[in-house]
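Chemist: no sequence on hand, only this structure:
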């Protein structure tokens, strides 16, 4: 019975592969969507709250030219998270900030809505280390992905682990770019 419960839990953490429909527009697809994608079953909004530094990402139009990117999360009384993303110029000045909220829709699965964007986005925490120091975030549609760290300098072992998680979830590591902090 215990094995069955573990198997069902693992299966529940995997999303059904999505069809590879044309993307259109300016968003590219960075992952093979025929590969099942899983989210972190051990996710805690309280532990996730705080500042995260973006150390690597897949290029998305809204972050073009951004360096020193941070994401600040704060736990909300209803179980969600407030979100503030900040983009800096290479000179270190703040170029833009966007605020929103993230609602938990499953283990490690967030639906993120930003004030100035009319549609929410799937934001899945694919992996987070036990100490909540490094996280890998992606989207089932494969149009985005990030490696986040509590400190601007990520240790080599956690960077390697984060890259392995992306690859396991079907992401093309050759298109992942390092973000200057």
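Modeler: Great, that's in hand. Since we're looking at a predicted model, the values are computed, not measured.

Chemist: need the helices for this protein, in chain order.
Modeler: 2-12, 45-48, 156-168 (DSSP state H).

Chemist: and the longest one, average pLDDT?
Modeler: Here helix 156-168 scores 98 as its mean pLDDT.

Chemist: elements contacting it?
Modeler: Counting contacts by 3 or more Cβ pairs under 8 Å, 6 or more residues apart in numbering; DSSP states H and E, helix 156-168 packs against strand 50-57, strand 121-128, strand 134-138, strand 145-149. In this view, the C-beta of every residue, glycine as well, is placed from N, C-alpha and C.

Chemist: confidence score at residue 55?
Modeler: What the model reports for residue 55 is a pLDDT of 97.

Chemist: surely it touches residue 151?
Modeler: No: judged on Cβ atoms under 8 Å, residue 55 makes no contact with residue 151 at a distance of 9.1 Å.

Chemist: the two: who's more crowded?
Modeler: Comparing residue 55 with residue 151 by neighbour count (other Cβ atoms under 10 Å), the higher total belongs to residue 55, at 22 against 13.

Chemist: from residue 27, how far off is the more buried one?
Modeler: Applying Cβ to Cβ, to the nearest Å, one obtains 22 Å for the distance of residue 55 from residue 27.

Chemist: one more: residue 91?
Modeler: 28 Å.

Chemist: and those two? Which one has more around it.
Modeler: Of the pair residue 91 and residue 27, residue 27 is the one with more neighbours under other Cβ under 10 Å, namely 17 against 8.

Chemist: now that one: closest residue in space, sequence neighbours ignored.
Modeler: Nearest residue to residue 27 in three dimensions, chain neighbours excluded: residue 143, at 4.5 Å (Cβ to Cβ, 6 or more residues apart in numbering).

Chemist: quick one: pLDDT of that neighbour?
Modeler: Residue 143 carries a pLDDT score of 95 in this model.

Chemist: so what's residue 51 up against?
Modeler: Contact analysis of residue 51 by Cβ atoms under 8 Å, 6 or more residues apart in numbering lists 70-72, 150.

Chemist: as a markdown table, those with pLDDT and neighbour count would be great.
Modeler: Compiled in a markdown table, those are given as follows (pLDDT from 0 to 100; neighbours: other Cβ atoms under 10 Å):
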| residue | pLDDT | neighbour count |
| --- | --- | --- |
| 70 | 97 | 18 |
| 71 | 97 | 18 |
| 72 | 98 | 16 |
| 150 | 98 | 15 |
